[in-house]
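Student: heads up, no residue letters with this:
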């Protein structure tokens with residue numbers, strides 16, 4: 001297990017970014033409420049594939065927790081229900097957490113696959129925990145960081161439920177995103193410890209401080225981006241998913257801040273590149289920061305001026321999360337005491 005632990009850490013990191021990718025696809029397709037309940041989907045462990053499966057039917061047995069649609073209203077079975085020829089509302093409780101009663105097979109399965117990836121990542125974290133215990137005498141921080149990361153994964157699972165129950169409340173989505181980035185930071189710290197990098201990097205005080213500023217800027221930008229996305233979701237509700245040209249009609253201050261703040265982020269990160277070149281610090285990850293910054297910026301421009309081309313939202317969110325990860329790992333390398 002000890003020899004395989006570095007691989008487990010890397011697989012854990014990849015699984016986290018897969019969660020970010022899946023989550024970005026959920027947001028891109030508007031599938032966040034594809035499953036109205038949590039952790040099941042319409043009361044099923046495997047979600048329905050047609051509206052007929054969740055439409056009330058006579059002479060049918062429904063298990064406790066099953067959600068049905070009847071007269072454009074969602075109902076949930078509080079106990080096992082055996083229906084007769086007529087619908088008896090006394091056997092059902094109206095599901096009032098959401099304002100709609102629609103079924104979209106595509107949205108449901110996109111959200112369900114997102115949840116499956118999260119569950120898979122949870123199992124990977126269990127392997128991470130088991131492997132970390134082998135290092136408890138060698139380096140106590142390895143199991144400590146692993147347990148903290150696993151704890152926050154449990155918090156993320158709870159927040160996933162809260163996001164669904166709150167009908168995609170912007171504040172909950174932002175907290176959900178930030179804690180996800182925190183977990184990435186913890187796993188990167190774990191990776192840094194076990195790799196025991198032998199490359200000696202030059203310490204530069206200004207570079208290190210500017211890097212910390214760039215990480216803070218990235219967190220602010222990502223958090224603000226979730227708020228902007230919520231505004232777009234509200235516009236989609238008003239004008240329909242097919243009328244994407246109206247998504248940014250009369251945008252709020254948050255949108256203008258998010259767009260303008262990009263200039264500050266570009267300047268800070270190019271400052272890192274300049275210092276790295278000028279003082280020959282040897283940080284190769286700086287180039288990756290510029291690549292990811294370019295991807296994030298160009299996709300942001302395309303979303304605004306080209307009405308959200310397919311895939312741009314997913315690339316935009318994922319590149320932002322990757323940018324944070326690269327910046328954080330670079331900070332680990334650039335510290336005076338590693």
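Tutor: Looks like it arrived, so ask away. These figures come from a predicted structure and were not determined experimentally. Numbers count the residues shown, from 1 in each chain.
Student: can you list the domain ranges for the protein.
Tutor: Following the assignment in automatic domain parsing, the chain carries domains at 1-34+104-196, 51-94, 202-338.
Student: Same list, the ones you listed, but as a markdown table with mean pLDDT, mean neighbour count and distance to residue 42 please.
Tutor: Just so you know, the C-beta spots here come from the backbone N, C-alpha and C atoms, and that holds for glycine as well. As requested, the domains of the chain are exported to a markdown table (pLDDT from 0 to 100; neighbours: other C-beta atoms under 10 Å; distance: least, C-beta to C-beta, whole Å):
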| stretch | mean pLDDT | mean neighbour count | distance to residue 42 |
| --- | --- | --- | --- |
| domain 1-34+104-196 | 87 | 17 | 8 |
| domain 51-94 | 87 | 14 | 4 |
| domain 202-338 | 82 | 17 | 21 |
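Student: Need the three-state assignment for the residue of the chain most remote from its centre.
Tutor: With C-alpha atoms, centre = their mean as the measure, the chain has its most outlying C-alpha, relative to the mean C-alpha position, at residue 85: 44.6 Å. Look at residue 85: counting by DSSP: H, G, I helix; E, B strand; the rest coil, its state is coil.
Student: Was I right to think it contacts residue 56?
Tutor: No. Using C-beta atoms under 8 Å, residue 85 is not in contact with residue 56; the gap is 11.6 Å.
Student: Residue 139 falls within a helix, correct?
Tutor: No. Judged by three-state DSSP, residue 139 forms no part of a helix; its state is coil.
Student: show me what contacts the nearest residue to it once chain neighbours are set aside?
Tutor: Across the structure, with C-beta to C-beta, 6 or more residues apart in numbering as the measure, the residue nearest residue 139 apart from its sequence neighbours is residue 193 (6.6 Å). Listed by C-beta atoms under 8 Å, 6 or more residues apart in numbering, the contact partners of residue 193 are 139, 141, 142, 145.
Student: ok, residue 273 to residue 289 distance?
Tutor: According to C-beta to C-beta, to the nearest Å, residue 273 and residue 289 sit 8 Å apart.
Student: between these two, what contacts are shared?
Tutor: Common neighbours of residue 273 and residue 289 (C-beta under 8 Å, 6+ apart) do not exist.
Student: can you give me how far the helix or strand containing residue 286 is from the chain middle?
Tutor: For residue 286, the host element (DSSP states H and E) is helix 285-305. Taking the mean of its C-alpha atoms, helix 285-305 sits 18 Å from the chain's own mean (C-alpha atoms, centre = their mean, to the nearest Å).
Student: tell me what it is packed against?
Tutor: Contacts defined by 3 or more C-beta pairs under 8 Å, 6 or more residues apart in numbering; DSSP states H and E place helix 285-305 against helix 253-278, helix 312-334.
Student: which outside residues touch stretch 204-224?
Tutor: Applying C-beta under 8 Å, 6+ apart, the external contacts of stretch 204-224 come out as 174, 177-178, 181, 254, 257-258, 261-262, 264-265, 268-269, 271-272, 275-276, 279, 281, 283, 289, 320-321, 323-324, 327-328, 330-331, 334-336.
Student: Sorry, wrong one. I was asking about stretch 49-62.
Tutor: Outside stretch 49-62, the residues touching it (C-beta under 8 Å, 6+ apart) are 42, 48, 66-70, 75, 77, 80-87, 103, 105, 109.
Student: Let's see that with 10 Å instead.
Tutor: Under the criterion C-beta atoms under 10 Å, 6 or more residues apart in numbering, residues 41-44, 47-48, 66-71, 73-77, 79-87, 91-92, 101-105, 108-109 lie in contact with stretch 49-62.
Student: next one: stretch 328-338
Tutor: Here stretch 328-338 makes contact (C-beta under 10 Å, 6+ apart) with 181, 184-186, 188-189, 191-193, 196-197, 199-205, 207-212, 214-215, 218-219, 272, 276, 281-286, 288-289.
Student: please redo it, this time with the cut-off set to 7 Å
Tutor: Applying C-beta atoms under 7 Å, 6 or more residues apart in numbering, the set of residues contacting stretch 328-338 from outside is 185, 188-189, 192, 201, 203, 207-208, 211-212, 215, 283, 285.
Student: Same question for stretch 262-270.
Tutor: In this structure, residues lying in contact with stretch 262-270 by C-beta under 7 Å, 6+ apart are 210, 213, 214, 217, 218, 221, 289, 290, 293, 297, 300.
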